[in-house]
Each structure stands twice: as structure tokens, then as C-alpha cells.
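> here is my input, please return the structure:
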Amino acid sequence: MSLDLPETAPLTRHSPETIRAWDNAHFLHPWESMGPDPADRVVAAAGRGIHIIDAEGRRLIDGPGGMWNVQIGYGRQEMAEAIAAQVMKLAYHSPWAFASEPSALLARRLAEMAPGDLNTVFFTTGGSSAVDSALRFAQFYNNLRGRPEKKLFLARERGYHGSTYLAASVTGKDRWQNPMDTERRLVRFLPDIAPHKRPEGMTEAEWCDAKVEDLARAIRVEGAETIAAFIAEPVLASGGVIVPPEGYIRRCWELCRAHDILYISDEVVTGFGRLGHWFASEPVFGIVPDIITCAKGLTSGYLPLGAMIVSDRLLAEISGADREQVMFRNGYTYSGHPVCCAAALKNIEIIEREGLLEHVRAVAPHFQARLRDLARHEIVGDTRGLGLLGCVEGTARPDLPEEKRFRIDAEFGRRLDAACEARGLIVRPLLNMCVFSPPLIITLSEIDRMFDILDAAIAEVGAEML
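Next comes the predicted model:
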């Protein structure tokens, strides 16, 4: 149940203009422009259900679900109470020196929810640190097996895995001119897998064959004896909601198994109901990875928490009486933080009690049908998605003048974002794409409202730009 907002009390102590000025003066945001113009961000003052409420009281449907993570929606009283109760009972303990009930219970629940023999959980502070931990574990694992030469990671263009150094290093390189350093010596990228980019006349099955061959070729060129792991999102989220061709993930997993290469499934976005299951790897894509990374929907954004879940098989290979002095020297002050774990447990309880996994599976066909219908607009080059994930990509017609084509590619996302916001919807612009992943609690009528807004906004942007 959502909290009620008081009708008369101001939503913020200071004016939106003051907050925005202080924000621009002192808060370096993620992906912040180094340009001279101050940002004109919406001041978020409250959240209820599927809506963000700005400082003037305007309700905006949260199309991106925060950052792909607000599964149960905003303003949950019982979540606030669970967090407060744990704060008063035990706000913190050292994960080096103590065990506690919240982290032990959550680790057990995640082991039950994860596929196959993924029964050991390493808690982190978020998705980036979960990915970093998984990559470090892959190297640690091979060092203990006497194979220190297995250090390389295979990743995919347009894949996104985080902002810490190793996670950023395995993040696809084609979307931004990136002045940040990454560890290029350790990573080899596979070409774009987006089915809508395949050559004219090529079937999706043929495209799948070609993309699997990209992985096979990389293994041949680098040598399996040098490759530690292949990391892949089941659906490439920040890359533009790229759904791989049917059978691709299973065949890549089989190749990795055949060549002693760990398969890391990055489920930071797809986990905890986004595709209608706790984890998508097995029920949607038919694989049991060696490692799963997760975060985001684990707490529905109420508190930061991530995890790496590891196969029993891997741990059995590197454990034993002769390894007593060997340690996995990776950890965080806030690993298994009791308050964050209490929030995750409550989040899981709510998802189960309200049948949100089943709800997603029930409403996703309508969500995807409304999404596909937007492709009728002349300015829309592609629509794609799976579960409650979607993307609208603007593409200029080849017959348009080059200047206009460039303007559409550069500005479509920004203009669509503005047109949607004016109508009461937040979408997330990524160059010429807008992506969305609304809270899992969204109803059929709210889905229709969201797509009605998108439809009208696309029509407006198309009229301006074509």
C-alpha cells in the first residue's frame, strides 16, 4: 500500500529553482556533461506507485522505473517499516567478523531462487561492484586451478556492465566517445548482435548463426587457454533493449562449456521480475550460468545492494583442506549490510505476495503489442522489447538530406523525452533511442496511458523533424 501525500504541506523545503541551482553548483551527476550550460533537471520530490512527483506536485509516469530497478513502485509503507525496524535493531556489523540474520536469510533465499547449483552468494554494494567481483572471481578461480594465463574476458558491443574499472572495461565501446580509461588488454569485444541491424535478406536464424560464429572465432583467435569468461546480459538493456536472436544465448553457453570458459550472466536488469521470473537465464533462455550478477530490482531501489551468485561446481574445484590459507581477497565495508538485506527480503516478500512475477507474464503481451504498434510512425525505425522492457528507436529515412538525417539521429531521443515529459511521462533518452522499464505493478490501463502518451509524443516529434 502506498503512503498518502498531504494535500497542503509543501513537497520540498526550498523552491525548485533553489534546489536546481544548488544541484548544478555542487552535485556532479553520473554521465554529467562538461559543457558550460547548467542542466535543467526535473526536481523529484516524492514517489507514489508508478509515479514520480515533482516539486510543483506534477505526477509523471516513471517509464524507466528509476534506473530499471523500481519493481514494486514508490511509497511502500511496509518497506519503510521494515527498514526502520532493522535500523533500530542492528544498523550495521562488520561482514568480516560477524554473521547476521538478514544477510543469512537473504543469501539462502537467493540460492533457492537462482537456477541449478548457484548456491553461494557474495554481497556487494550494487551492480558494478557485483560485476567487478565476478570478473575478479573468474581470474582467482583460474589462478587456483593452475591456469594463470586464462585472464581475458569476452564481452559484446552495446553491452553495459557498470562504471567501476573492470565493469567499465567490459562495457561495449560503440555508443560513446569515452575519454575514461579502461583496461583494454583484458577484454575482447564481439560485434553487435542486434537482429534489426542484420543485412537485408538475411533471416534471423542466419543472423544467429553469424553471431555465434563471432564468439567461436574469438575463441579460435585468442585461444581458449587465455580466456577466463564470457559476460553477457540476457537482454542488452542500456545498449537499447537488444533482444538476442532465438537460440543465441544457449548456443554461446554451450560453446563456453565446451572450451572451459566461464559464462557470467549479468542479470542486474533482467533479474527480479523484469521478464516475469526471479532470474531469466534458465526459464527464458535455457541456461544455467556459472555466475549470475544481480542488483537493481533486488531492493526495488529502496536501498543499494548487489550480489554475485556462484556455482557450487566452481567452488568445489578450488576448495579443500590444502586451501585453508587461500582467501578470496575481495570485499566491501557494506557487504551483506543488514538494513539493505532486510529491504531485499521485504521486497521479495511483496513480489511473491502480490504475484508480480505472474502479473508481468500476464500484462507483457499487451505491453509489447502497444510497443510494436508505434512502428507505424514514419520516424520510428525500430521497436523492440521483452517482458516489461521496451525501446523506441528513431531512424531517418535514407532519402532525407544528410543534415536532416544527422539531426534526427542526434536529437530524436532528446525531443521525444521532452515531448513525453510535457504530457506526464518520463522516458530515458539514449541518443536516437528511448528506453523504458516501468514498475512491475503497472496495470493494463496504466500501460495504455503510457503508450497513448508515447504515441502522441512521437507524432509531434515526427511532424517537427521529418
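
> quick check, residue 455 in contact with residue 374.
Yes: using C-beta atoms under 8 Å, residue 455 is in contact with residue 374, at 6.4 Å. Using the backbone N, CA and C atoms, a C-beta is placed for each residue, glycine as well.

> and the worst-scoring helix or strand of the chain on mean pLDDT, how far out from the chain's middle?
Within the chain, no helix or strand scores below helix 402-423, which has a mean of 86 by mean pLDDT, DSSP states H and E. Taking C-alpha atoms, centre = their mean, to the nearest Å, one finds the center of helix 402-423 at 24 Å from the center of the full chain.

> give the contact list for residue 70.
Contacts for residue 70 (C-beta atoms under 8 Å, 6 or more residues apart in numbering) come out as 47, 62, 300-301, 439.

> ok, of those residues, which one's closest to residue 355?
residue 439 (14.7 Å; C-beta to C-beta).

> what does the pLDDT read for that closest one?
Per-residue pLDDT puts residue 439 at 98.

> in contact with it, which residues?
49-50, 62, 65, 70-74.

> what's the distance between it and residue 366?
16 Å (C-beta to C-beta, to the nearest Å).

> cool, and residue 417?
Distance, residue 417 to residue 366, using C-beta to C-beta: 24 Å.

> okay, these two: which has more neighbours?
Ranked by neighbour count (other C-beta atoms under 10 Å), residue 417 and residue 366 place residue 417 first, with 20 against 13.

> helices of the protein, start to end?
16-26, 65-68, 77-89, 101-113, 127-144, 165-169, 204-222, 248-258, 312-318, 338-353, 356-373, 402-423, 444-465 (DSSP state H).

> distance to residue 266 for those helices - can I get that in CSV?
Conversion of the helices of the chain to CSV gives the following (distance: least, C-beta to C-beta, whole Å):
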stretch, distance to residue 266
helix 16-26, 31
helix 65-68, 12
helix 77-89, 26
helix 101-113, 16
helix 127-144, 6
helix 165-169, 9
helix 204-222, 16
helix 248-258, 12
helix 312-318, 17
helix 338-353, 18
helix 356-373, 20
helix 402-423, 24
helix 444-465, 27
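
> rewinding a little: between the contacts of residue 439, which sits nearest residue 423?
Compare each of the contacts of residue 439 with residue 423 using C-beta to C-beta and the shortest gap goes to residue 62, at 14.0 Å.

> and the pLDDT at that closest one?
Reported pLDDT for residue 62: 98.

> surely it meets residue 438?
Yes: Residue 62 is within contact range of residue 438, at 6.5 Å (criterion: C-beta under 8 Å).

> what residues do the two have in common as contacts?
Contacts common to residue 62 and residue 438, judged by C-beta under 8 Å, 6+ apart, are residue 50.

> which non-adjacent residue is nearest residue 390?
residue 371 (4.6 Å; C-beta to C-beta, 6 or more residues apart in numbering).

> verify the contact between the one you found and residue 389 for me.
No: contact status for residue 371 versus residue 389: not in contact, 9.5 Å apart, counting by C-beta under 8 Å.

> who has more neighbours, those two?
residue 389 (25 against 22).

> who's in contact with that one?
68, 235, 237, 241, 269-270, 274-275, 435-437.

> same check on residue 428?
63-64, 417, 434-436.

> in this protein, which residue is closest to the centre?
residue 269 (2.9 Å; C-alpha atoms, centre = their mean).

> how near is that one to residue 92?
28 Å.
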